[in-house]
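> any chance you can model this:
(one chain, ligands or ions: 1)
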Amino acid sequence: MTGLKRHSLRMYVFLLLTATNPPFTNGQTSISKWQFGKQGAVSITYDDGSINQFRKALPIMNHLKLPATFFIITGQIPGSQYQGKFIGRPVSEIIEESSSVLTNKDNFFERASAAGFLGYRGTLAYHTRAGALYDAGKEEEAYAILDDLYQKVRNQEFLPDTGTRYGEIPADRVTWDEIRSFAAQGHEFASHTVTHPYLCALDEVNINYELEKSRDEIQRQLGPEYTFSAEIPYGTEHERAMKYAHRVFPALRNRMPEHYLVELNRASTKNPVDFTEEYVQWQRGAVARTSLPMMKSWIDTTLLKDNIWLVLVIHGVDGIGWEALSSEVLDEYFRYLKSKENHLWIATFGEVTKYMRSRMNARVQSKSQDGKITVSLTHSLDKSLYQVPLTLKTYVPGHWNEVRIKQGNEIKRIRQQLDSAGAYVLYQAYPNSEEIELTAN
Ligand SMILES: [Zn+2]
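Okay, the predicted model is just below:
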């Protein structure tokens, strides 16, 4: 070997050592992107509260110890204090006025809000059609639907309402008592409004009723920890709906503007692996025609990068509810998901949101002194809402095979792991609490 070659070899070894073993390693602490140091996250969400979600899908999930988020329509649950209603002028005045004034931007919201409460059967469908058009930006077409409705009402083309806005009430409905027991099993319950309207087509007072009374009902029945998440019906992202909804609920599955988060909704054809942002929320809606291999591929895709949060959206189950999936498919699918749990953090929509936001607003500092590493973890968010533990990764001296970790009165002992930068431990810590002390055990 010539002197030159020996020299460059030595240089190479030196560079390798400095690159992989920086001198500040001991005590260096970061917050894992996902809970428990997992590679990605998955949330399973159900909309509308149709009965087989609870009779068929939930037992499968409990058997596998998988949590879900259920977005429930609170006015449809027996015993709810707040039912659907129209708040405003007597509907007779609105009907009368429609004989001389066509629907326009000034009266549309009032007429669309009242549409399901005019005292006749079958009028709610006109709210839904007009709302869908308005949501899609087809405002003139939405006005025309309401002109048609109010004309038919004036012509007495509808039968009188028999008391319920929803037509046939199914014999089997989930009760608040059942919901409380499911919540105690670890499932999240969250708002899907009081009556499932097109929120963007309502006037302000009726928008607020749908949002606030649904929240109040859940708070009264389940407690404040279930008032965090919501899904505004029809997956809307309409500015008007979002503006009001964001004032009432901290987390919306519809939209959650954060500078570090890309949101790919159910209709998006973009590939989540193409994004390099800190987090990518990838919503996939499983409908009746979705094949099991396709559903499994969503999980496989989530495993390809470390920044993907797969949010599954499920509606009907076993013939009940919109676009129902069979419980056989769900059973096989959930078992496949469970088999990836070593790599994927499977948690409720609210939990993942809280983790992500806490991490992005956290400050972690550490010092290493006298054979002890001290870590402080704080965040700037509302401490009453964001109390989830975060997973910390702290580099420790190589000879600390087992590490004693103490925060307040909680002590745990954790074995070190190795990566290219050295020995480290992964552990759970509470933000805005006592400092964490690490020592060799
Ligand atoms: Zn819905």
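
> surely Arg335 is in a helix?
Yes: assignment of Arg335 by DSSP: H, G, I helix; E, B strand; the rest coil places it within a helix.

> which residues sit in contact with it?
Residues in contact with Arg335 (C-beta atoms under 8 Å, 6 or more residues apart in numbering) are Leu64. For glycine as for every other residue, the C-beta is placed from the backbone atoms N, C-alpha and C.

> just use 643 as the starting number from now, easier for me
Noted, 643 is the first residue going forward, which turns the last one into Arg977.

> gap between it and the ion?
To the ion, Arg977 is 27 Å away according to C-beta to the ion, to the nearest Å.

> distance of the residue most central in space within the chain relative to Pro1031?
Centroid-nearest residue in the chain, with C-alpha atoms, centre = their mean: Phe991, separated by 3.2 Å. Look at Phe991 and Pro1031: by C-beta to C-beta, to the nearest Å, they are 18 Å apart.

> pop the domain breakdown of the protein in here.
664-678+996-1082, 685-716+817-984, 733-796 (automatic domain parsing).

> rounded mean pLDDT for the last one, please.
Spelled out, that is domain 733-796. Mean pLDDT, computed over domain 733-796, is 97.

> poorly predicted segments of the stretch 793-942 of the chain, please.
For the stretch 793-942 of the chain, the stretches with pLDDT under 70 are 805-811.

> which bits of it sit near the ion?
Residues of the stretch 793-942 of the chain lying close to the ion (C-beta under 5 Å from the ion) are Pro875.

> residue of the stretch 793-942 of the chain with the smallest distance to the ion?
Pro875 (4.5 Å; C-beta to the ion).

> can you pull the contacts of that residue?
Each residue near Pro875 by C-beta under 8 Å, 6+ apart is listed here: His834, Thr835, His838, Pro839, Tyr840, Leu841.

> for the stretch 943-1083 of the chain, which residues are neighbours of the ion?
Residues of the stretch 943-1083 of the chain lying near the ion (C-beta under 5 Å from the ion): none found.

> and Arg1057, what are its bridge partners?
On the basis of DSSP bridges, Arg1057 is bridged to Glu1044.

> and it, what does it touch?
The contact partners of Arg1057, taken as C-beta under 8 Å, 6+ apart, are Asn1043, Glu1044, Val1045, Val1067.

> does the first one really touch Gln1058, like I thought?
Put plainly, it is Asn1043. Yes: between Asn1043 and Gln1058 a contact is recorded at 5.9 Å, counting by C-beta atoms under 8 Å.

> neighbour count winner among the two?
Between Asn1043 and Gln1058, counted using other C-beta atoms under 10 Å, the more crowded position is Gln1058 (20 against 11).

> list phi and psi for that one.
Gln1058 adopts backbone torsions of phi -70, psi 150, taken as degrees, to the nearest 10.

> in terms of helices and strands, where is the residue lying closest to it once chain neighbours are set aside?
Spatially, and ignoring its direct neighbours in sequence, Gln1058 is nearest to Ala1065 (4.4 Å; C-beta to C-beta, 6 or more residues apart in numbering). Counting by DSSP states H and E, the element that carries Ala1065 is strand 1064-1071.

> in that strand, which residues are buried?
Buried residues in strand 1064-1071, defined by neighbour count with 16 or more other C-beta atoms under 10 Å: Gly1064, Ala1065, Tyr1066, Val1067, Tyr1069, Gln1070, Ala1071.

> residues contacting Leu844?
By C-beta under 8 Å, 6+ apart, the neighbours of Leu844 are Phe751, Ala754, Ser755, Glu852.

> of the residues you listed, just say which sits nearest to Ser981.
Ranked by distance to Ser981 (C-beta to C-beta), these are led by Glu852 at 40.0 Å.

> and the closest one, what does it touch?
Glu852 neighbours (C-beta under 8 Å, 6+ apart): Thr835, Val836, Thr837, Pro839, Leu841, Leu844.

> who wins for neighbours among those?
Highest neighbour count within the contacts of Glu852: Leu844, with 29 neighbours (other C-beta under 10 Å).

> the strand holding Ala1065: what's the following helix or strand?
Past strand 1064-1071, the next helix or strand by DSSP H and E is strand 1078-1082.

> just give me the neighbour total for Thr932.
For Thr932, the count of nearby residues is 16 (other C-beta under 10 Å).

> re earlier: for the buried residues of strand 1064-1071, work out which two are farthest apart.
Gly1064 and Gln1070 (21.1 Å).

> got phi/psi on the closest residue in space to Gln861 that isn't next to it in sequence?
Nearest residue to Gln861 in three dimensions, chain neighbours excluded: Thr869, at 5.2 Å (C-beta to C-beta, 6+ apart). Phi and psi for Thr869, reported as degrees, to the nearest 10, are phi -100, psi 20.

> so what's Thr869 up against?
Neighbour list for Thr869: Ser833, Arg857, Ile860, Gln861, Phe891 [criterion: C-beta under 8 Å, 6+ apart].

> hang on, the earlier thing: can you put the contacts of Pro875 in TSV and add secondary structure?
Shown next, in TSV, are the contacts of Pro875 (three-state DSSP):
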residue	secondary structure
His834	coil
Thr835	coil
His838	coil
Pro839	coil
Tyr840	coil
Leu841	helix
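
> report the buried residues of stretch 883-902.
883-884, 886-888, 890-898.

> same check, this time on stretch 948-959
Neighbour-count burial for stretch 948-959 [16+ other C-beta under 10 Å]: Asn949, Ile950, Trp951, Leu952, Val953, Leu954, Val955, Ile956, His957, Gly958, Val959.

> give me the number of residues near the spatially closest residue to the last one that is not a sequence neighbour?
Closest residue in space to Val959, ignoring its immediate chain neighbours: Asn694 at 3.8 Å, by C-beta to C-beta, 6+ apart. Counted by other C-beta under 10 Å, the residues lying close to Asn694 total 20.

> does Asn694 touch Ile956 like I think?
No: with contact defined as C-beta under 8 Å, Asn694 does not count as touching Ile956 (10.6 Å).

> now His829. Nearest residue, chain neighbours left out?
Ala710 (5.1 Å).
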